[in-house]
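Enquirer: coordinates only, no sequence provided:
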DNA sequence: AAAATGACCGAATTAGTTTTTTGGTCAACT
DNA sequence: AGTTGACCAAAAAACTAATTCGGTCATTTT
């Protein structure tokens, strides 16, 4: 259309600014300027700064969903699928400027809005994983278990291995992580 | 002995103050007063405040070691032993005023000295668990694996379940945690 | 003389105050 | 009806003054 889609401009400008400077350091004046729009215009689309931010987080969650669903292959084994999903989520977080900035802001400043947003993101990842796990249970590939707890444990274990472990040790290779994941969670330690 | 053991007085006073107010909020004047000792005397035993603190953390680590070793029973199964150790560590953290205060200070203020101290504590717990795991491997109770990574994963998973899970869900019963621990780590999910 | 002390010091933290910035509004404008 | 930016109260940042703190060391005590 010939008429400029101001809402789109605003969202794009805001996404860019949040990615570059984080939530707190992004001002509404800045967003307005970046979007070539009067500040008041923003408030015709979004009631508050937080609502604008949440809108962008929702897109992010959607993007992750697409990423995760793209990684699934119904003909592959549960192990392959789970591992592929986790790797993609990790790669996504590592490459997506917005998540990097927000993880950083959450860690360094503990901005309340950001903490809540990241919790929503984590929760949505767990929801996607839950579906995958339920499918595997139905197919009889894995034992009956609470899909939500299981998804939760998987995600936590994965991030422990890729993030926490590296704080005091040389990082684990991608292949190693897969193997550990397989050993601990799928096959079990018992002889 | 008739002569007062000033070092002991100092350490006790400091331990009490760190437990009550945390690391940052404890002043050397306060410790001196609590110990009924001139401030200079503290510095004949400890070069800095941090050295005094580290001394107390070392005692804490020793206490945890005793707690852990008391939980071990060579005639029991690996599952029983590991679970008992983790429960004791958790109970210890929950009941020991000093650890409560320090975990809180680490979370709320991120005091550098405290963060490092808590890392040392975690590391030492992992070292004790490592020994237990190595024993289990030698006995053939569990598969061959890197004992350190395994201890790390176990501790992280345990605390995920007892701490992180409760942030957004009703807490898991002690028995449930044992079962989950058994399912995920020992038996494995595969059918 | 060996051990203990607390007044003292510079550095760092905190409290108090002023200035600037920011999220959000709204009367004017297109 | 849709858009705008000057404007406002409130929050944050910057600045300053005052206090506190870790650590020292000359003096006192034993």
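Expert: Arrived safely. All values derive from a computational prediction rather than experimental measurement.
Enquirer: ranges for the helices of chain A?
Expert: According to DSSP state H, chain A carries its helices in the segments A:6-21, A:28-34, A:39-45, A:49-71, A:78-95, A:97-108, A:112-138, A:147-159, A:165-168, A:174-181.
Enquirer: now those helices as JSON lines including distance to residue B:138?
Expert: Placement of C-beta: from N, CA and C, glycine included. Converted to JSON lines, those look like this (distance: least, Cβ to Cβ, whole Å):
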{"stretch": "helix A:6-21", "distance to residue B:138": "51"}
{"stretch": "helix A:28-34", "distance to residue B:138": "62"}
{"stretch": "helix A:39-45", "distance to residue B:138": "65"}
{"stretch": "helix A:49-71", "distance to residue B:138": "39"}
{"stretch": "helix A:78-95", "distance to residue B:138": "28"}
{"stretch": "helix A:97-108", "distance to residue B:138": "40"}
{"stretch": "helix A:112-138", "distance to residue B:138": "34"}
{"stretch": "helix A:147-159", "distance to residue B:138": "25"}
{"stretch": "helix A:165-168", "distance to residue B:138": "24"}
{"stretch": "helix A:174-181", "distance to residue B:138": "21"}
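Enquirer: ranking these by burial, who's on top?
Expert: Using mean count of other Cβ atoms under 10 Å in any protein chain shown, the stretch among the helices of chain A with the largest mean neighbour count is helix A:147-159, at a mean of 21.
Enquirer: that one versus helix A:78-95: what angle between them?
Expert: Regarding helix A:147-159 and helix A:78-95, their directions subtend 60 degrees when assessed with axes from the mean of the first three to the mean of the last three Cα atoms, to 10 degrees.
Enquirer: okay, the angle between the helix or strand bottoming out on mean pLDDT in chain A and helix A:49-71?
Expert: Of all helical and strand segments in chain A, the minimum by mean pLDDT, DSSP states H and E falls on helix A:78-95, at a mean of 83. Comparing the axes of helix A:78-95 and helix A:49-71 via the same axes, to 10 degrees yields an angle of 140 degrees.
Enquirer: so how far is helix A:78-95 off the chain centroid?
Expert: Helix A:78-95 has its C-alpha centroid displaced from the chain centroid by 11 Å (Cα atoms, centre = their mean, to the nearest Å).
Enquirer: how about the residues of chain A by chain B?
Expert: By Cβ under 8 Å from any Cβ of the partner chain, the residues of chain A that approach chain B are A:119, A:123, A:140-143, A:145, A:149-150, A:152-153, A:156-157, A:160-161, A:164-165, A:168, A:172, A:180, A:183-191.
Enquirer: how near is whichever residue of chain A sits closest to chain B to residue B:79?
Expert: Chain A approaches chain B most closely through residue A:188 (2.7 Å), counting by Cβ to the nearest Cβ. Residue A:188 sits 11 Å away from residue B:79, taking Cβ to Cβ, to the nearest Å as the criterion.
Enquirer: report the contact partners of residue A:37.
Expert: A:6, A:9, A:10, A:13 (Cβ atoms under 8 Å, 6 or more residues apart in numbering or on different chains).
Enquirer: would you mind listing the residues in contact with the closest residue to residue A:57 other than its chain neighbours?
Expert: Among residues not flanking residue A:57 along the chain, residue A:117 sits closest, at 4.7 Å (Cβ to Cβ, 6 or more residues apart in numbering or on different chains). Shown here is residue A:117, whose contacts under the criterion Cβ under 8 Å, 6+ apart are A:23, A:53, A:54, A:57, A:102.
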